[in-house]
Structure formats: structure tokens, C-alpha cells
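A.B. asks: The following comprises the amino acid sequence and a computationally predicted model.
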Amino acid sequence: MPESNPETHVIDFRAAEQLLEARDPRGAVKLLDSVIAAHPENTAARLLRARAFFAAAQLRPAELEFELVLEREPDNAFAHYALARTFERAGRPEAATRHFRLAAALDPKPEYLKAARFDADE
């Protein structure tokens, strides 16, 4: 097995991005596992792995990764939005609404505002 080094991890991270873009989320997760094992504090790798889990319909692992990212970066609007989509897909609408609204409050992007459905309370 080749020796693990930081350069290899950067290459694996970039390759995982490409695999996710090419709709191979399981391949992306596989590459990211070694990156995260070597650099557990790397939030970007964890966020990418969470996205890959979501794309592979592995909702519980996606939820755990998104939550870990939010522990480290509570103001990450994308992570709130993605976690909300994970909850929505898992049939947990109350949890989804909370995170959609947090995402919209942190970053009023049109898709975040639409998902937050602030007007639904009226």
C-alpha cells in the first residue's frame, strides 16, 4: 500500500470532488475516508463526505457529518441547508424547517428563503 502523505490527501480530496460531480458518491466516500482518517479536523473533507453520503442516500451518516460540520461552523448556511434537506428526505419535517430557516437567516439566497417558507406561518 502506498505511503500516506498530505499531497496524496489533497489529490484524493480533489478526486472525490470529481467523483461526486460524476455521480459516484460511494467512490467519493471511499477516497474521503482515508483523508478524514489522517485529518479528522478537516471540515471541508467532512462537508464533502456528508454531501456524498446524501447523494448515496445514506441519510444517517450524512446527518452525522453535517452535524459535525455545524458543531465546528455553526454559521455555515450551506451545511444547515444540506442538513435540512437530509431531514426532509428522512421524513423529519420539523427538524428540516428549523435548519432551512437557519440557513435562510444566515444567507438569504433565494433557494434558502424558498425552502424556509417563512410565509407558511401566516
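C.D. replies: Cool, got the structure.

A.B. asks: residues contacting the closest residue to residue 57 other than its chain neighbours?
C.D. replies: Distances taken as Cβ to Cβ, 6 or more residues apart in numbering place residue 89 nearest to residue 57, at 7.8 Å, with adjacent residues excluded. No exception for glycine: its C-beta is placed from N, CA and C like everyone else's. Applying Cβ atoms under 8 Å, 6 or more residues apart in numbering, we find residue 89 in contact with 54, 57, 59.

A.B. asks: measure residue 89 to residue 83 for me?
C.D. replies: Applying Cβ to Cβ, to the nearest Å, the value for residue 89 to residue 83 is 11 Å.

A.B. asks: before we move on, what about residue 57?
C.D. replies: Counting by Cβ to Cβ, the gap from residue 57 to residue 83 is 15 Å.

A.B. asks: neighbour count winner among these two?
C.D. replies: residue 83 (27 against 9; other Cβ atoms under 10 Å).
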